[in-house]
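A.B. asks: Build me a model:
(chains A and B)
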2 protein chains.
Amino acid sequence: MSQTFTIAIIGATSTVGETLLQLLEDRDFPVSILHLLSDADSAGHSLPFKGKNLRVRELDGFDFTQVQIAFFAGEPQVAGGVAAKLQAAGCNLIDLSGGLSLEQAPRLVPEANADLLKSLRKPYQLTSPSPSVAVLAAVLAPIRRFLQLQRISLTACLAVSSMGRDGVKELARQTAELLNARPLEPRFFDRQIAFNLFPQVGALDAAGHALLELRLVEELKQVLGLPALRVAATCVLVPVFFGDTLSVSLQTAAELDLPAITIALAGSVGVELVADGDFPTAVADAVGQDEVYVGRLRTGVDDLTELNLSIASDNVRKGASLNAVQIAELLIKHYL
Amino acid sequence: MSQTFTIAIIGATSTVGETLLQLLEDRDFPVSILHLLSDADSAGHSLPFKGKNLRVRELDGFDFTQVQIAFFAGEPQVAGGVAAKLQAAGCNLIDLSGGLSLEQAPRLVPEANADLLKSLRKPYQLTSPSPSVAVLAAVLAPIRRFLQLQRISLTACLAVSSMGRDGVKELARQTAELLNARPLEPRFFDRQIAFNLFPQVGALDAAGHALLELRLVEELKQVLGLPALRVAATCVLVPVFFGDTLSVSLQTAAELDLPAITIALAGSVGVELVADGDFPTAVADAVGQDEVYVGRLRTGVDDLTELNLSIASDNVRKGASLNAVQIAELLIKHYL
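C.D. replies: The predicted structure follows:
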């Protein structure tokens, strides 16, 4: 495995882009040349990689014909244009923006649906799904064979970093103002997020579903390969800087074998099952970790076909960048 | 209605006890004499009521034969003893501690199951259920006729004040330490709650259900009068001082009439439906208010028999004390 690859990160200066860069270094990804790209505004900045400073260059006019894999961590609105350009250049694309349809760039979570690649043609255009989907699919993958899944109810408590750096800054600023008894002035959010929850994240469609929830539902079905699965999802923004917490209730068609499920989860790579009676949290367990933390594994109070669990994960890591890097690792191992 | 009543509050110095006192004054409850009682530790304190300071007396040895209604806001372990004493004295009891079984002291939410009283004998022994149940039952009451309820999935995000004053102090202290970059020393909780969530609240049974969740499930079925209802509940402690946020997904037997449900909710007393496209939050809407705030009303993405909604409420108010006072108001209006 001495083969190395020419890689590009588009949107390198975003939170997700910088985490990608860090992960490529940490995981010793076999990079020969790494191109950091962005729009004109951020071009010219430098970012550290393996002890060197790499200059961020402008995306416009960049030639991708020599690049094997490009990660796209820019704005979703421009993903379509970038995808067409990469397609023409024969460069494989891993999109993290969610700006491409399921048909254009299927969602991939290596633990759950790696086989998808066998049915696709080069250059590959793939999407690393929304954080909750990547995390939930990774947890369900090792226990899928024990579950005849019918319905998933999910409340996803998302950290403010899901909204980028501005969300993090706003929570810090609002909290400091309140603790110092200064009048609160919401800026990035339209109201107080410090010591408060928003049970709605981002824009809604006409029926009242958040676009984030719609994306989550369709992506989860595709990744699990279960088009008939019913999924109820509510995304909630919580006053947490980093790390998502998912509260999940699964309905299945048959009584559960909880001991077998527990053993399968405990033995699976990428999943950390917390000790019996303990619970996982974003800050104490998940943040900065590649693993997703699972706990509160239990049947329903009144239904032995129901499985409930809670998951804490680093939303920027396994949620987004790590899954994208794992897709790239899968590509170079078997498909490039 | 010039009749007045002799009332006692047992556990008057607790958060819930003090809110009860405040509500009796705010709602101009027809009190002739008000007795404030507590254990020996807190006896001797004074609390303000209608411009006077009332002295808190010791519960032991107090004679309840002249009291019409006693609120119990003390520790659940002693509720049984207090209930026996009140029963013998012919004094009606409204328990807020949850220390009595469903059979001893049925749960009552006036909006949902006021008729229960017709089948009971005096002196009444009733329980104001756990906050999430009082709130959820109040929201479901006006729309029950539109729903053939089969299953409820609930994630209850509970404020730290659910754990009493120590929870509030601990969140404030931890947050200040973190913002001042001082090392965090968890005291009341066993780990960091500031900028973090705990997907487990309180003790668990052997099957992994939190006692709080078990109580919630059995109380909800009793209040709704639906023993066959399936309820999946997860209680999560969130870094919010006051106000609970419930994320609710209901499964029903038939396609929903969302316009009719919306009209019924908008017109119901005690429920405030937020504007279309907006969302309710604990801090901005619910805290300090008697009403519970409802929003995010929508069917499932893939299931028109599924109803999803979010509720924000003051956990100390409608969640506990207000519902108890409303039970007392119902008693004096029709049953005493």
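A.B. asks: interface residues of the stretch 51-200 of chain A facing chain B?
C.D. replies: A:151, A:153, A:155, A:157, A:171-172, A:175-176, A:179, A:191-192, A:195-200 (C-beta under 8 Å from any C-beta of the partner chain). All C-beta atoms are positioned from the backbone trio N, CA, C, and that covers glycine.
A.B. asks: does A:Ile332 belong to a helix or a strand, and which?
C.D. replies: In the assignment (DSSP states H and E), A:Ile332 maps to helix A:322-334.
A.B. asks: And that helix, what does it pack against?
C.D. replies: Secondary-structure packing of helix A:322-334 (3 or more C-beta pairs under 8 Å, 6 or more residues apart in numbering or on different chains; DSSP states H and E): helix A:15-26, strand A:69-72, strand A:92-95, helix A:110-113.
A.B. asks: Any chance of those in TSV with mean neighbour count, distance to B:Glu185 and mean pLDDT as columns?
C.D. replies: Converted to TSV, the helices and strands packed on helix A:322-334 look like this (neighbours: other C-beta atoms under 10 Å in any protein chain shown; distance: least, C-beta to C-beta, whole Å; pLDDT from 0 to 100):
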stretch	mean neighbour count	distance to B:Glu185	mean pLDDT
helix A:15-26	21	30	92
strand A:69-72	28	41	98
strand A:92-95	26	43	98
helix A:110-113	21	38	96
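A.B. asks: Reformat the ones you listed into a markdown table and put distance to A:Val238 next to each item.
C.D. replies: As requested, the helices and strands packed on helix A:322-334 are arranged in a markdown table below (distance: least, C-beta to C-beta, whole Å):
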| stretch | distance to A:Val238 |
| --- | --- |
| helix A:15-26 | 18 |
| strand A:69-72 | 28 |
| strand A:92-95 | 26 |
| helix A:110-113 | 26 |
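A.B. asks: that older thread, which residues touch the helix holding A:Ile332?
C.D. replies: A:3, A:5, A:7, A:20, A:23-24, A:27, A:29-30, A:68-69, A:71, A:92, A:94, A:96, A:108-110, A:114, A:117, A:124, A:126, A:128-129, A:134, A:138, A:290, A:314 (C-beta atoms under 8 Å, 6 or more residues apart in numbering or on different chains).
A.B. asks: Give me the buried subset of those residues.
C.D. replies: Buried subset of the contacts of helix A:322-334 (neighbour count, 16 or more other C-beta atoms under 10 Å in any protein chain shown): A:5, A:7, A:20, A:23-24, A:29, A:68-69, A:71, A:92, A:94, A:96, A:108-110, A:114, A:117, A:124, A:126, A:128-129, A:134, A:138, A:290, A:314.
A.B. asks: circling back: the residues of the stretch 51-200 of chain A next to chain B in strands, which ones?
C.D. replies: A:Arg151, A:Ser153, A:Thr155, A:Cys157 (DSSP state E).
A.B. asks: how about the helices of chain A, start to end?
C.D. replies: A:15-26, A:79-89, A:110-113, A:131-140, A:165-179, A:211-224, A:258-266, A:322-334 (DSSP state H).
A.B. asks: and those helices as JSON lines, adding distance to A:Asp276?
C.D. replies: JSON lines is the format used below for the helices of chain A (distance: least, C-beta to C-beta, whole Å):
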{"stretch": "helix A:15-26", "distance to A:Asp276": "31"}
{"stretch": "helix A:79-89", "distance to A:Asp276": "43"}
{"stretch": "helix A:110-113", "distance to A:Asp276": "24"}
{"stretch": "helix A:131-140", "distance to A:Asp276": "17"}
{"stretch": "helix A:165-179", "distance to A:Asp276": "33"}
{"stretch": "helix A:211-224", "distance to A:Asp276": "27"}
{"stretch": "helix A:258-266", "distance to A:Asp276": "9"}
{"stretch": "helix A:322-334", "distance to A:Asp276": "27"}
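A.B. asks: ranking these by burial, who's on top?
C.D. replies: helix A:131-140 (a mean of 28; mean count of other C-beta atoms under 10 Å in any protein chain shown).
A.B. asks: What is that one packed up against?
C.D. replies: By 3+ C-beta pairs under 8 Å, 6+ apart, helix A:131-140 packs against helix A:110-113, strand A:149-158, helix A:211-224, strand A:244-252, strand A:292-299, strand A:306-313.
A.B. asks: isn't A:Gly300 right up against A:Leu309?
C.D. replies: No. Using C-beta atoms under 8 Å, A:Gly300 is not in contact with A:Leu309, being 11.7 Å away.
A.B. asks: of all the ones in strands among the residues of the stretch 51-200 of chain A next to chain B, which two lie farthest apart?
C.D. replies: The span of those, defined through C-beta to C-beta, is set by A:Arg151 and A:Cys157 at 20.1 Å.
A.B. asks: between these two, who's got more neighbours?
C.D. replies: Using other C-beta atoms under 10 Å in any protein chain shown as the criterion, A:Arg151 and A:Cys157 rank with A:Cys157 on top: 29 against 21.
A.B. asks: Show me what the more buried one is bridged to.
C.D. replies: Under DSSP bridges, the beta-bridge partners of A:Cys157 are A:Val236, A:Thr245.
A.B. asks: For it, which residues are in contact?
C.D. replies: Here A:Cys157 is in contact with A:Leu197, A:Val236, A:Val238, A:Val240, A:Asp244, A:Thr245, A:Leu246, A:Ser247, B:Cys157, B:Leu197, B:Val236, B:Val238 (criterion: C-beta under 8 Å, 6+ apart).
A.B. asks: Of all the helices of chain A, which one is nearest B:Val294?
C.D. replies: Per C-beta to C-beta, nearest to B:Val294 of these: helix A:211-224, 17.7 Å.
A.B. asks: Contacts for that closest one, please.
C.D. replies: For helix A:211-224, using C-beta under 8 Å, 6+ apart, the contacting residues are A:98, A:102, A:106-109, A:112-113, A:127, A:129-130, A:132-133, A:136-137, A:140, A:144, A:149, A:152, A:154, A:156, A:201-205, A:227, A:229, A:231, A:233-235, B:301-302.
A.B. asks: Of these, grab the buried ones for PyMOL.
C.D. replies: Selection of buried members from those for PyMOL, criterion 16+ other C-beta under 10 Å:
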select buried, (chain A and resi 98+106+107+108+109+112+113+127+129+130+132+133+136+137+140+144+149+152+154+156+201+204+229+231+233+234+235) or (chain B and resi 301+302)
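A.B. asks: ok, A:Ala156 touching A:Leu246?
C.D. replies: Yes. Counting by C-beta under 8 Å, A:Ala156 does reach A:Leu246; the two are 5.3 Å apart.
A.B. asks: Pull up the overlap in contacts between these two.
C.D. replies: A:Ser132.
A.B. asks: Pairing partners for the nearest residue to A:His45 once chain neighbours are set aside in the sheet, please.
C.D. replies: Distances taken as C-beta to C-beta, 6 or more residues apart in numbering or on different chains put A:Val56 closest to A:His45, at 4.7 Å, once the chain neighbours are dropped. Bridge pairing for A:Val56 (DSSP bridges) gives the partners A:Leu36.
A.B. asks: so what pLDDT did A:Val56 get?
C.D. replies: pLDDT, A:Val56: 96.
A.B. asks: In contact with it, which residues?
C.D. replies: A:Ala12, A:Thr13, A:Leu36, A:Leu37, A:Ser38, A:Ser42, A:Ala43, A:Gly44, A:His45, A:Ser46, A:Leu47.
A.B. asks: what sits against A:Pro129?
C.D. replies: A:Pro129 neighbours (C-beta under 8 Å, 6+ apart): A:Gly98, A:Arg107, A:Leu108, A:Val109, A:Ala137, A:Glu219, A:Leu220, A:Val223, A:Asn323.
A.B. asks: Just give me the closest of the residues you listed to chain B.
C.D. replies: Ranked by distance to chain B (C-beta to the nearest C-beta), the contacts of A:Pro129 are led by A:Leu220 at 10.5 Å.
A.B. asks: My guess is A:Asp314 contacts A:Asp285. True?
C.D. replies: No. Because the distance of 9.5 Å does not satisfy C-beta under 8 Å, A:Asp314 is recorded as not touching A:Asp285.
A.B. asks: any common contacting residues for these two?
C.D. replies: By C-beta under 8 Å, 6+ apart, no residue touches both A:Asp314 and A:Asp285.
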